[in-house]
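Undergrad: missing the sequence, but the structure's below:
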């Protein structure tokens, strides 16, 4: 059974810092991996999607990498801003299934 | 553009009561999903549907039923609510498997359910 782990559960950084969020998964046979953002009381917004054949994806200040062989992905946020404060979740789609398996998320706080 | 709309947003039930959560999407998506989110456990899939009239079990289906009578609606029912079903429920939708958009889920804002 695929398990997805995100450490740390919470992270607090001062504004302007570059930071890395980590995601690990137990079964490397994945179809793709996604990073989501969740604001308090809101649904999830997809940030980046990496196909199993890709190594990384970039969108603005965000860069996500994927290392299938080691079962790891990182989300790099450059020059963090208070508006980046949210919970970030990663999710993997197993190769044979339609549904996603989610990690429990990292709650990020960027202090002004 | 509404996207995915969930009703109600909040509900308090007593043990044994029944209720239905409604999810509606206006994007002509084929696939729809119901997840529950509990503290420290991420989102877990309850049931999903790959098209009108079809449903399938996810990771935690016990105690829930679903129906997809219309393409745009996906209903989640609790026949006899239990305190363990206290959670935040999220509906999501996406295009079908033949579309590249099948990978991108659009989520609703969530429905917070408390069972006393």
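TA: Great, that's in hand. Model, not experiment: these values are computed from the prediction.

Undergrad: show the subsequent helix or strand relative to the helix or strand containing residue A:22.
TA: Assigned by DSSP states H and E, residue A:22 belongs to strand A:19-25. Tracing the chain C-terminally past strand A:19-25 and defining elements by DSSP H and E, one meets strand A:30-38 next.

Undergrad: as a check, name the ranges of all helices in chain A.
TA: Using DSSP state H, no helices are found in chain A.

Undergrad: output the below-cut-off pLDDT ranges for it.
TA: A:95-98 (pLDDT under 70).

Undergrad: might you enumerate the residues of it proximal to chain B?
TA: Proximity of chain A to chain B (CB under 8 Å from any CB of the partner chain) is limited to residues A:4, A:9, A:32, A:34, A:41-46, A:49, A:89, A:91, A:93, A:98-100, A:102-105. Heads up, the C-betas are built off the backbone N, CA and C, glycines and all.

Undergrad: show me the contacts for the closest residue to residue B:116 other than its chain neighbours.
TA: Spatial nearest neighbour of residue B:116, chain neighbours left out: residue B:14 (5.4 Å); criterion: CB to CB, 6 or more residues apart in numbering or on different chains. By CB atoms under 8 Å, 6 or more residues apart in numbering or on different chains, residue B:14 lies in contact with B:81, B:115, B:116.

Undergrad: so residue B:14 versus chain A, what's the distance?
TA: Distance, residue B:14 to chain A, using CB to the nearest CB, to the nearest Å: 24 Å.

Undergrad: cool, residue B:67 as well?
TA: Residue B:67 is 18 Å from chain A, by CB to the nearest CB.

Undergrad: what count of nearby residues applies to that residue?
TA: 15 (other CB atoms under 10 Å in any protein chain shown).

Undergrad: from the centroid of chain B, which residue is nearest?
TA: With distances taken as CA atoms, centre = their mean, the residue of chain B nearest its centroid is residue B:34 (2.6 Å).

Undergrad: in which helix or strand does that residue reside?
TA: Going by DSSP H and E, residue B:34 is part of strand B:31-37.

Undergrad: so the helix or strand that comes right after that strand versus strand A:30-38, what angle?
TA: The C-terminal neighbour of strand B:31-37 among helices and strands, as given by DSSP H and E, is strand B:43-49. With axes from the mean of the first three to the mean of the last three CA atoms, to 10 degrees applied, the angle from strand B:43-49 to strand A:30-38 works out at 110 degrees.

Undergrad: which neighbouring elements make contact with strand B:43-49?
TA: strand B:31-37, strand B:56-57, strand B:65-67, strand B:73-78 (3 or more CB pairs under 8 Å, 6 or more residues apart in numbering or on different chains; DSSP states H and E).
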